[in-house]
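Participant: here you go, sequence then predicted model.
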Amino acid sequence: MSENAGPPRRAGFLSTVRAVLWSFAGVRKRKDYQQDATSLNPVYVVIAGVLAAIVFVLTIVLVVRFVVSQ
């Protein structure tokens, strides 16, 4: 019998955020990537990616401002 009896489960928003953060780090197992490709909601991926990018840019700006002010 096949292990995948039904349709793949859709990942929630927190699972999507975790996958996006791993993608930012550039570390992802092939098995996890393939699972993400079938279970992640593309809308959640876009939202999580934009939010992660904004947080990343704001963090860099704050660090630079802190270093320059010293």
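Facilitator: That came through fine.
Participant: what count of nearby residues applies to residue 19?
Facilitator: Neighbouring residues of residue 19 were enumerated by other C-beta atoms under 10 Å; the total is 22. Every residue, glycine included, has its C-beta placed from N, CA and C.
Participant: now it, nearest residue through space, not along the chain?
Facilitator: Leaving aside its sequence neighbours, residue 19 sits nearest to residue 36 (C-beta to C-beta, 6 or more residues apart in numbering; 4.9 Å).
Participant: quick one, what contacts that neighbour?
Facilitator: For residue 36, the contacting residues are 11, 19, 28, by C-beta atoms under 8 Å, 6 or more residues apart in numbering.
Participant: can you give me phi and psi for the second one?
Facilitator: Meaning residue 19. phi -60, psi -40 (degrees, to the nearest 10).
Participant: for the helix or strand harbouring residue 31, list the C-alpha coordinates in PDB.
Facilitator: Taking DSSP states H and E as the criterion, residue 31 maps to helix 30-39. Presented in PDB, the C-alpha positions along helix 30-39 are these (Å, rounded to 0.1, in the frame of the first residue of the first chain):
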ATOM      1  CA  ARG A  30      15.700  17.600  -0.100                       C
ATOM      2  CA  LYS A  31      13.000  15.600   1.600                       C
ATOM      3  CA  ASP A  32      11.800  18.700   3.500                       C
ATOM      4  CA  TYR A  33      11.900  20.700   0.300                       C
ATOM      5  CA  GLN A  34       9.800  18.200  -1.600                       C
ATOM      6  CA  GLN A  35       7.300  18.000   1.300                       C
ATOM      7  CA  ASP A  36       7.100  21.800   1.400                       C
ATOM      8  CA  ALA A  37       6.600  22.000  -2.400                       C
ATOM      9  CA  THR A  38       3.400  19.900  -2.000                       C
ATOM     10  CA  SER A  39       2.000  21.200   1.200                       C
END
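Participant: alright, calling it a day.
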